[in-house]
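S.K.: okay, sequence plus prediction incoming.
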Amino acid sequence: MSANDSPSGQQTTTSASLDAVRHATHDSAFLKACRREPVPHTPVWFMRQAGRSLPEYLKVREGIAMLDSCMMPELVAEITLQPVRRHKVDAAIYFSDIVVPLKAIGIDLDIKPGVGPVIAEPIRTRADLARLRDLTPEDVPYVTEAIGMLTAELGSTPLIGFAGAPFTLASYLVEGGPSRNHERTKAMMYGDPQLWADLVDRLAEITGAFLKVQIEAGASAVQLFDSWVGALAPADYRSAVLPASAKVFDAVAPYGVPRIHFGVGTGELLGLMGEAGADVVGVDWRVPLDEAARRVGPGKALQGNLDPAVLYAPAPAVERKTREVLDAAAGLEGHVFNLGHGVMPTMDPDALTRLVSYVHEQTAR
Ligand code: CP3
């Protein structure tokens, strides 16, 4: 890969340290489960584990805007490590946001607290597409730097890189911000299929390039978040979204790192999301994992799927609901335990720590 292409000493060092990261993390429970190999215990991590409710996160973020924090390598590394230290999760997820690569190529946007990403000038016409230029590693030097620091600290704990999938990014860009019904997005998809196809294809290029930067810097797996794609019917997903998501997965396939694909409300899309090229399919809490495995078919691991709201119940109820997830997962080829969606800001961090140790203890082999 490109690290080996250059004869310069710097590049050789980079490639040697990447080999060291691959070696250190290879036998982790998380990567084994992704590869559908036997595991010492079911690995656990939580979507949006970094940030949110942790007091140590709120402290280091004080007075720093979300997007600014994503461009400060030392802060990113610290926030990424916090949940690993505290909860003993089996993987770290890189602290960033799905709109960071868009910001990096010059799209004027902000992340508004309590709202989410807001785009100053939405993308709605063919002329607007010209604003979505290619992303190069030079656009995101802080990502390479932060991941370099992280892999040194993490040792055998794998780091998950991530990006937003073309549909979910397109929704923010076309709507101009968060949307319940994705009206303008769907209006473009149904009304001007060629413009839509070109838009998601552009986003697939940018997303593929962004994931490559993370993998070349030392990420051991990647997750593509298509959080809002559950708004689509399967036939529309197949024709209007799957080709773009598949292009992202194809772009990173040569690296051989596990590729995870997640969305919310995607019970009817699970088979297609696997078909798009994922090695691991993320499942929200609405479909039990044994049923999800039937929908996805053989040859893929599953990730999920405790209802995040269960964490607000007393400990015995959390254990009972967790046991149900583990029982449904008993026959899977590979299982990575996670919530059915992200950690919520009001969650008790101690409940998450207890959940990690409960899953480890219940599944120890
Ligand atoms: O998983 C992790 O801990 C890594 C960090 C991460 C963030 N965003 C940090 C963040 C990840 C993986 C994301 C992905 C993301 N961002 C998604 C896909 C994941 C999902 O939950 O479906 C989406 C849809 C976004 C867009 C986004 N950014 C939203 C909806 C919000 C919440 C707005 C709010 O305040 O309610 C954000 C902001 C954001 N991204 C925060 C964090 C920690 C909160 C901002 C803050 O702490 O100031």
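M.R.: That came through fine.
S.K.: all strands for the stretch 201-350 of the chain, in order.
M.R.: Residue ranges of the strands in the stretch 201-350 of the chain, as given by DSSP state E, counting those that start in this stretch, are 221-225, 259-262, 280-282, 301-306, 335-339.
S.K.: please name the nearest non-neighbouring residue to Gly176.
M.R.: Leaving aside its chain neighbours, Gly176 sits nearest to Pro122 (3.9 Å; criterion: CB to CB, 6 or more residues apart in numbering). C-beta here means a position set from N, CA and C on the backbone, and glycine is covered the same way.
S.K.: so that neighbour: helix, strand or coil?
M.R.: Under the three-state scheme (DSSP: H, G, I helix; E, B strand; the rest coil), Pro122 adopts coil.
S.K.: which ones are touching it?
M.R.: Applying CB atoms under 8 Å, 6 or more residues apart in numbering to Pro122 gives the contacts 128, 173-176, 184.
S.K.: turn the residues you listed into a markdown table, including distance to Thr136, secondary structure and neighbour count.
M.R.: A markdown table is the format used below for these (distance: CB to CB, whole Å; DSSP: H, G, I helix; E, B strand; the rest coil; neighbours: other CB atoms under 10 Å):
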| residue | distance to Thr136 | secondary structure | neighbour count |
| --- | --- | --- | --- |
| Asp128 | 21 | helix | 15 |
| Leu173 | 20 | helix | 27 |
| Val174 | 25 | helix | 23 |
| Glu175 | 27 | helix | 22 |
| Gly176 | 26 | coil | 17 |
| Arg184 | 30 | helix | 17 |
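S.K.: and the strands in the stretch 1-150 of the chain?
M.R.: Along the stretch 1-150 of the chain, counting by DSSP E, counting those that start in this stretch, strands occupy 92-93, 109-112, 116-119.
S.K.: okay, now the sheet partners of the second one, with direction.
M.R.: Using DSSP bridges, the strands paired with strand 109-112 are strand 116-119 (antiparallel).
S.K.: re earlier: tell me which two of the contacts of Pro122 sit farthest apart.
M.R.: Greatest spatial distance among those (CB to CB): Asp128 and Glu175, at 13.2 Å.
S.K.: by mean pLDDT, point me to the weakest helix or strand of the protein.
M.R.: helix 2-5 (a mean of 44; mean pLDDT, DSSP states H and E).
S.K.: what stretches of the stretch 251-365 of the chain score poorly on pLDDT?
M.R.: For the stretch 251-365 of the chain, no stretch has pLDDT under 70.
S.K.: tally of neighbours for the residue of it found nearest the ligand?
M.R.: Of all residues in the stretch 251-365 of the chain, Gly342 sits closest to the ligand, at 3.9 Å by CB to the nearest ligand atom. Other residues lying near Gly342 total 19 when counted by other CB atoms under 10 Å.
S.K.: just give the closest residue to it, not the sequence neighbours.
M.R.: Arg48 (3.2 Å).
S.K.: you'd agree that neighbour is up against Val343?
M.R.: Yes. Arg48 is in contact with Val343 according to CB atoms under 8 Å; the separation is 4.6 Å.
S.K.: sorry, back to before: now the strands of the stretch 1-150 of the chain in TSV, with mean neighbour count and mean pLDDT?
M.R.: Shown next, in TSV, are the strands of the stretch 1-150 of the chain (neighbours: other CB atoms under 10 Å; pLDDT from 0 to 100):
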stretch	mean neighbour count	mean pLDDT
strand 92-93	25	98
strand 109-112	18	97
strand 116-119	19	98
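S.K.: in TSV: the ones you listed, plus distance to the ligand.
M.R.: As requested, those are exported to TSV (distance: least, CB to the nearest ligand atom, whole Å):
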stretch	distance to the ligand
strand 92-93	4
strand 109-112	5
strand 116-119	4
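S.K.: is it possible to export these to a markdown table including distance to Arg180?
M.R.: A markdown table is the format used below for the strands of the stretch 1-150 of the chain (distance: least, CB to CB, whole Å):
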| stretch | distance to Arg180 |
| --- | --- |
| strand 92-93 | 26 |
| strand 109-112 | 16 |
| strand 116-119 | 12 |
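S.K.: for the residue positioned nearest the centre of the chain, give the beta-bridge partners.
M.R.: What sits nearest the mean C-alpha location of the chain, by CA atoms, centre = their mean, is Gln223, with 3.5 Å. Gln223 forms beta bridges with Phe162, Ile260, as assigned by DSSP bridges.
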